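Student: Based on what follows, work out the 3D shape:
(2 chains)
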Amino acid sequence: GDSVTQMEGPVTLSEEAFLTINCTYTATGYPSLFWYVQYPGEGLQLLLKATKADDKGSNKGFEATYRKETTSFHLEKGSVQVSDSAVYFCAPLSGGSNYKLTFGKGTLLTVNP
Amino acid sequence: NAGVTQTPKFQVLKTGQSMTLQCAQDMNHNSMYWYRQDPGMGLRLIYYSASEGTTDKGEVPNGYNVSRLNKREFSLRLESAAPSQTSVYFCASSLRTGGNEQFFGPGTRLTVL
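Tutor: Below you'll find the predicted structure:
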């Protein structure tokens, strides 16, 4: 099945700092790749996705590029805000996992004013 | 649209008690999922239903049963609760399995004493 290694948290940044959360995966064939975000006390919601190599997913100022050669899908944002404080999950989806999401352990981001 | 709804939001059980967690979606999705979230473990799939009338085991099915009551509703039952089942439970749905976005409910926080 698929597997994910995500950057260990917690990550603490000041407002307007640059964010990178690393994610590498192991999956069969050509997986789709997702980043989900969980705000305090809520369920997960899709942040962005990419479905093929070299695709860039983007949403709310966040970006991630599907790098098949390095099996990575790192999440970046140029200038974080306090409202970005949340837990971020990387998740591949492929036939190797019978087309079910495999979540990383999550990275807690805290942004201070 | 309410999206994915879950009841109850919180529950405390004693060891050996039983209970059913309810989940409903109003997006006409075919596939539904139950996950548990434990600190440092990410989300792990308990059971899923690819379509009405079918259910399959996920990564951690022991101690749980599910029922896909109709296209809208997917319940999770704990027959004899154990402290190891203390967790936050999330229901999710998607148009179908595969590369589709999953939509999550707000979660049920369960404590087993």
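
Student: partner residues bridging residue A:108?
Tutor: With DSSP bridges as the criterion, residue A:108 is bridged to residue A:87.

Student: Whatever residue of chain A ends up closest to chain B: neighbour count?
Tutor: In chain A, the residue that lies nearest chain B is residue A:43 (3.5 Å; Cβ to the nearest Cβ). All C-beta atoms are positioned from the backbone trio N, CA, C, and that covers glycine. Applying other Cβ atoms under 10 Å in any protein chain shown, we find 22 residues neighbouring residue A:43.

Student: For it, grab phi and psi.
Tutor: Main-chain torsions, residue A:43, degrees, to the nearest 10: phi -80, psi 180.

Student: Let me know whether it touches residue B:107 as I believe.
Tutor: Yes. Counting by Cβ atoms under 8 Å, residue A:43 does reach residue B:107; the two are 5.5 Å apart.

Student: Pull up the overlap in contacts between those two.
Tutor: Each of residue B:90 lies in contact with both residue A:43 and residue B:107 under the rule Cβ atoms under 8 Å, 6 or more residues apart in numbering or on different chains.

Student: residues from chain B in reach of chain A?
Tutor: B:4, B:33, B:40-45, B:48, B:58, B:90, B:92, B:97-99, B:101-107 (Cβ under 8 Å from any Cβ of the partner chain).

Student: what about 10 Å?
Tutor: B:3-4, B:6, B:9, B:31, B:33, B:35, B:37-45, B:48, B:50, B:56, B:58-59, B:88, B:90-92, B:94, B:96-107, B:109 (Cβ under 10 Å from any Cβ of the partner chain).

Student: Take those residues and keep only those in strands.
Tutor: B:4, B:6, B:31, B:33, B:35, B:37-38, B:42-45, B:48, B:56, B:88, B:90-92, B:94, B:103-104, B:109 (DSSP state E).
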